[in-house]
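**Q** starting from these lines, generate the structure:
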Amino acid sequence: MRDPLGRVAPGLPHGVRVVLDWIITIGGAILIVLALKAWVVNPYRIPSSSMETTLHCARPAPGCEARFSDRVLANRFIYRFRNPKRGEIIVFKTPPEAKARCGAGGTFVKRLIGLPGDTVSERDGVVSINGRQLQEPYIEAVRRDHESPREWHVPKGDYFFMGDNRSESCDSRVWGPVPRKNLIGEVFFVYWPPNRIGFR
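**A** Below is the predicted model:
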């Protein structure tokens, strides 16, 4: 339909209708972007080395391997239709204990390791779920954590996260599991820098 404002308000001068049309168009576009960010996809930056080398952070921060931090998109609605799956990289809000134990809190990006009801154990850098070794091709041998053997039980409704750079990741092993309500979405795409663009 051409000049819809002219049909609604025919008494307005043409110049005023053009300005109002632009304002409505731009305002509508902004609302669409905000709605997409709130309910569909949202961008995030990787600020630390906890997910190296799967997701890069920028030098000169400790442990970072890239010139630019990876910037990723997270699917914010997928967990309304299905449960999270082990091995997915997920954006979530940390429990309060994270800030106290790691010096940082807020929004983290980690890999989902333990599902509700699981028993997660780590021995000499190898992770097991309910007594069975977890196959983790995304972990480099030099990035495994060789602390003393440890074990955690994941309560019902909670999830257990670890970074891929195990020796440099402050995660659920330190501050505990994450409630389902804290999960924001699954990371599915790297959109920056250009040489890293692709689905994850």
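**Q** could you pull out the strands for the protein?
**A** For the chain, strands defined by DSSP state E occupy the ranges 41-45, 71-75, 89-93, 107-114, 119-123, 126-129, 132-133, 150-153, 158-162, 178-179, 183-192, 198-199.
**Q** residue ranges with poor pLDDT in the chain?
**A** 1-11, 17, 25, 27-40 (pLDDT under 70).
**Q** would you mind giving the strands of the chain as CSV with distance to Arg143 added?
**A** All C-beta atoms are positioned from the backbone trio N, CA, C, and that covers glycine. Formatted as CSV, those follow (distance: least, Cβ to Cβ, whole Å):
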stretch, distance to Arg143
strand 41-45, 21
strand 71-75, 19
strand 89-93, 15
strand 107-114, 12
strand 119-123, 13
strand 126-129, 12
strand 132-133, 17
strand 150-153, 17
strand 158-162, 11
strand 178-179, 22
strand 183-192, 19
strand 198-199, 21
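**Q** any chance of these in JSON lines, with mean neighbour count too?
**A** Below are the strands of the chain laid out as JSON lines (neighbours: other Cβ atoms under 10 Å):
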{"stretch": "strand 41-45", "mean neighbour count": "16"}
{"stretch": "strand 71-75", "mean neighbour count": "20"}
{"stretch": "strand 89-93", "mean neighbour count": "21"}
{"stretch": "strand 107-114", "mean neighbour count": "23"}
{"stretch": "strand 119-123", "mean neighbour count": "18"}
{"stretch": "strand 126-129", "mean neighbour count": "16"}
{"stretch": "strand 132-133", "mean neighbour count": "9"}
{"stretch": "strand 150-153", "mean neighbour count": "13"}
{"stretch": "strand 158-162", "mean neighbour count": "24"}
{"stretch": "strand 178-179", "mean neighbour count": "20"}
{"stretch": "strand 183-192", "mean neighbour count": "18"}
{"stretch": "strand 198-199", "mean neighbour count": "8"}
